[in-house]
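[1] no sequence for this one, just the structure:
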């Protein structure tokens, strides 16, 4: 066979196999309403900065089985709500040398409505990129005289989810210009870097192959609008950085630490790929 | 190659196998299209072990490919084309090149380079998430590559 006819038959083969898998490729057609009242946007036009790669962005919820999906449709079925309830208690409990609770200074947690869609964001005074975990630990160590919480511990992720819950249904809308621009560029660079011995980038899986099966996993676009998410496999609420760490480790790479500046930058970039999708936390994933 | 020549070649391979040098990952000779003519070990591939590697650890080809000949393997991926008929579509040399370093055949492909030890970004210590230290082993050994190629050569069009 000469090269030309070989590549022609190769293309025919690819077309045939694409046809064969079309039945389960891509997101499903379901729509998400939580507790019968909060409508969640799980599909919307891609933000401008992604227009050359995507027309449409989808929540990870659209790639899960009906069974997993249903756990997120009612808070009574959502196993992540237990951790959120515990955070509600912590919110009202005084801790640390100052003897104040979150509530003492911030009043009701609903005052945080609208904050999560803008996170992470750059602190005007310090010029640092601040995640929700940073803001919470800042209050604990600087304003309460309490110990910092571990990045991916239940205390921390429960609180991140509780604050996020106040914005459930609101569209993600992180800023990527002005002082955020250099962090965003750093995160973008990471997103397209092929890490590890398997030489795989986030984009290889979540941009080029969303909708396809990789072994037993139905690949989504790797969006973060559902975070912290309750992950059935880990049986707990997991942080974005924990998920990033797992995805990079699986390429047989040296990963980055949770709470590292690299992951802060990546968090901003990945969040910006989901601008327009609803805040969904605590989402439920497999 | 005529029969006599083939027999002589086979005899030579047998005769030299004991001291034949394994081709190092850094010394593999790829042609302009990414094919590798010479065996990496001089020892013929073991089809059965090749089939095992489709599903195993570092090989794990079914993570990305469907293989109709191995229906017992659950959850076959759909990242790359099905491998059915690969042994008719490609020559042995081409398959050796694809398995050793598919990026030489398909520029920029997502398929990992299985017989390569250099040029990685943040190479880890297997799946621990920690940095790699010391010598780098390729994902498949030279003989694994030969075994996989031998298996792929059995995947003929019906």
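    Received it, and whenever you're ready, just let me know what you need. Note that the structure is predicted; figures quoted are calculated from it, not measured.
[2] count the residues that sit near residue 84.
    Using chain A. Neighbourhood size, residue A:84 [other Cβ atoms under 10 Å in any protein chain shown]: 24. The way it works is simple: take the backbone N, C-alpha and C, and place the C-beta from them, glycine included.
[3] was after chain B, sorry
    19.
[4] before we move on, what about residue A:233?
    9.
[5] and it, which of the three is it?
    coil (DSSP: H, G, I helix; E, B strand; the rest coil).
[6] where's it relative to chain B, distance?
    Distance check for residue A:233 against chain B: by Cβ to the nearest Cβ, to the nearest Å, it reads 15 Å.
[7] kindly state the pLDDT recorded for the nearest residue to that residue once chain neighbours are set aside?
    Computed as Cβ to Cβ, 6 or more residues apart in numbering or on different chains, the closest residue to residue A:233 that is not its neighbour in sequence is residue A:286, at 6.3 Å. Note on residue A:286: pLDDT of 95.
[8] residue contacts, residue A:286?
    A:64-65, A:68, A:217, A:231-233 (Cβ atoms under 8 Å, 6 or more residues apart in numbering or on different chains).
[9] do the same with residue B:51
    Contacts of residue B:51 (Cβ under 8 Å, 6+ apart): B:70, B:151.
[10] distance of it from residue B:158?
    18 Å (Cβ to Cβ, to the nearest Å).
[11] go on, residue A:53?
    Taking Cβ to Cβ, one finds residue A:53 at 38 Å from residue B:158.
[12] same question for residue A:167.
    Here the criterion is Cβ to Cβ. By it, residue A:167 lies 56 Å from residue B:158.
[13] with neighbour numbers in mind, choose between the two.
    Between residue A:167 and residue B:158, residue A:167 has the larger neighbour count (other Cβ under 10 Å), namely 21 against 6.
[14] tell me the SS of that one?
    Three-state call for residue A:167 (three-state DSSP): coil.
[15] correct me if wrong: it contacts residue A:116.
    Yes: with contact defined as Cβ atoms under 8 Å, residue A:167 and residue A:116 form a contacting pair (4.2 Å).
[16] intersection of neighbour lists for those two?
    By Cβ under 8 Å, 6+ apart, the residues touching both residue A:167 and residue A:116 are residue A:279.
[17] right, and residue A:122 touches residue A:179 too?
    Yes: here residue A:122 reaches residue A:179: they are 4.3 Å apart, a contact under Cβ under 8 Å.
[18] higher neighbour count, these two?
    residue A:122 (18 against 14).
[19] and for residue A:204, the neighbour number?
    21.
[20] show me what contacts it?
    Applying Cβ under 8 Å, 6+ apart, we find residue A:204 in contact with A:194, B:110.
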